[in-house]
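Visitor: model this:
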Amino acid sequence: MSIDPKKSRGRKITAKVTPMPVDTIAENIISAGWLLEQMDIAGGNRSHSYVGGRTVTVGLEAMAFKAPVYVGDNVTIYTEIIKQGRSSLSVGVKAHAEPREGGRSRKVTEGVFTFVHIDENGKSKPIHGARPSSSRKKVSKPKASATDVLSTEPKLKKGQELSLRTVPFPRDKNHNGDIFGGWVLTQMDVAASVRARNFVGGRAVPVAIDAMTFHKPVSELDEVSFYTEIQRVGTSSVIIRVESWALRENLKKYEKVTEGTFTYVAIGKDRKAVPFKPNS
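Guide: Predicted coordinates for the structure are as follows:
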């Protein structure tokens, strides 16, 4: 596989996650270890996509935590290829958090992770098709090959946006070796709730799920992206359509795996439905 540096190196959203109470250390503050894990996963996904194969983490530069992350924050993780050697590459990873009630996104931490490309025996392996570089200096684009496969993201329709991007693990598999449909459904609900909270400008709870379709199974280590779209708005409710797309580990392309429609209702402190004015 030939690598196009212009498409592969630049900054991109690699993960969108929402921490839960189980991830806290105290007073709704999220553990630094949880955040480090998410950043490592994002960096690993980016390095895997870049080299077209397995990579392992071998180093991490010093990190500074500029602000805490709280339960329910919408955490976006950006990655960028900043250096590449014969079999290793350095990935810059930045994490930004936005309060679940809405508001300005803030950078909470950043770091540089080093990964090494390995073969099936766990030994280092040269990165094929990418010229080594030691800076962010622009690298000339190689000629396209008939065998090139680009992991182009799905073209978004008007009103759609990326609300969540994550990776399932072996613990999420069923007896057939595929990822549990329940895991996918949970992530779709998380993505829809993120969109609903931002839209209503406060708390929102799910009250219905409709028209759920599973097109294809999700496999271990697929990078799964969840795109949301506001379909209908009521006085205190909002209907959100969710599409799930998987970037296959081996195929290097996105496939739609699931889609469904979720209904959320805005609620007040007394947990009763309240009218809302949509956030634009």
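
Visitor: gap between residue 156 and residue 225?
Guide: Going from residue 156 to residue 225 by CB to CB, to the nearest Å gives 11 Å. For glycine as for every other residue, the C-beta is placed from the backbone atoms N, C-alpha and C.

Visitor: Residue 49 too?
Guide: Counting by CB to CB, the gap from residue 49 to residue 225 is 13 Å.

Visitor: returning to what we had before: residues shared between the contacts of residue 156 and residue 225?
Guide: Common contact partners of residue 156 and residue 225 (CB atoms under 8 Å, 6 or more residues apart in numbering): residue 162.

Visitor: who has more neighbours, the two?
Guide: In this view residue 156 and residue 225 are compared by other CB atoms under 10 Å, and residue 225 has more residues nearby, 23 against 12.

Visitor: From residue 211, how far out is that one?
Guide: 20 Å.

Visitor: before we move on, what about residue 127?
Guide: From residue 127 to residue 211 the distance is 44 Å (CB to CB).

Visitor: With residue 159 instead?
Guide: Taking CB to CB, one finds residue 159 at 17 Å from residue 211.

Visitor: Can you read off the pLDDT for the closest residue in space to residue 63 that isn't next to it in sequence?
Guide: In this structure, residue 63 finds its nearest non-sequential neighbour in residue 111, 4.0 Å apart by CB to CB, 6 or more residues apart in numbering. For residue 111, the pLDDT comes out at 90.

Visitor: One more: residue 152?
Guide: For residue 152, the predicted pLDDT is 65.

Visitor: circling back to that earlier point, quick one: what helix or strand has the residue nearest to residue 63 in it?
Guide: Here residue 111, judged by DSSP states H and E, is contained in strand 106-117.

Visitor: So what's the gap between that strand and the chain middle?
Guide: Centre-to-centre, strand 106-117 and its host chain are 15 Å apart (CA atoms, centre = their mean, to the nearest Å).

Visitor: just stretch 224-243 next, same as before
Guide: 18 Å.

Visitor: now do the same end-to-end measure for that stretch.
Guide: Chord length of stretch 224-243, first to last residue, is 10 Å (CA to CA, to the nearest Å).

Visitor: Just the buried residues of that stretch, please?
Guide: Buried positions in stretch 224-243, judged by neighbour count with 16 or more other CB atoms under 10 Å: 224-230, 236-243.

Visitor: cool, stretch 172-190 as well?
Guide: Within stretch 172-190, the residues that count as buried by 16+ other CB under 10 Å are 172-173, 178-180, 183-185, 187-190.

Visitor: For it, measure first residue to last.
Guide: End-to-end distance for stretch 172-190: 16 Å, by CA to CA.

Visitor: Compare residue 127 and residue 211 (neighbour count), which wins?
Guide: Between residue 127 and residue 211, counting by other CB under 10 Å, residue 127 is the more crowded of the two (23 against 9).

Visitor: That one: what secondary structure?
Guide: Put simply, residue 127 is coil when judged by DSSP: H, G, I helix; E, B strand; the rest coil.

Visitor: For it, give me its contacts.
Guide: Contacts of residue 127 (CB under 8 Å, 6+ apart): 3, 50-51, 84-87, 89, 117.

Visitor: Distance check, it against residue 197.
Guide: In terms of CB to CB, residue 127 sits 41 Å off from residue 197.

Visitor: list the residues that contact both of residue 49 and residue 225?
Guide: Joint contacts of residue 49 and residue 225 (CB under 8 Å, 6+ apart) are residue 247.

Visitor: follow-up on the earlier one: tell me which residues of the strand holding residue 111 come out buried.
Guide: 108-117.
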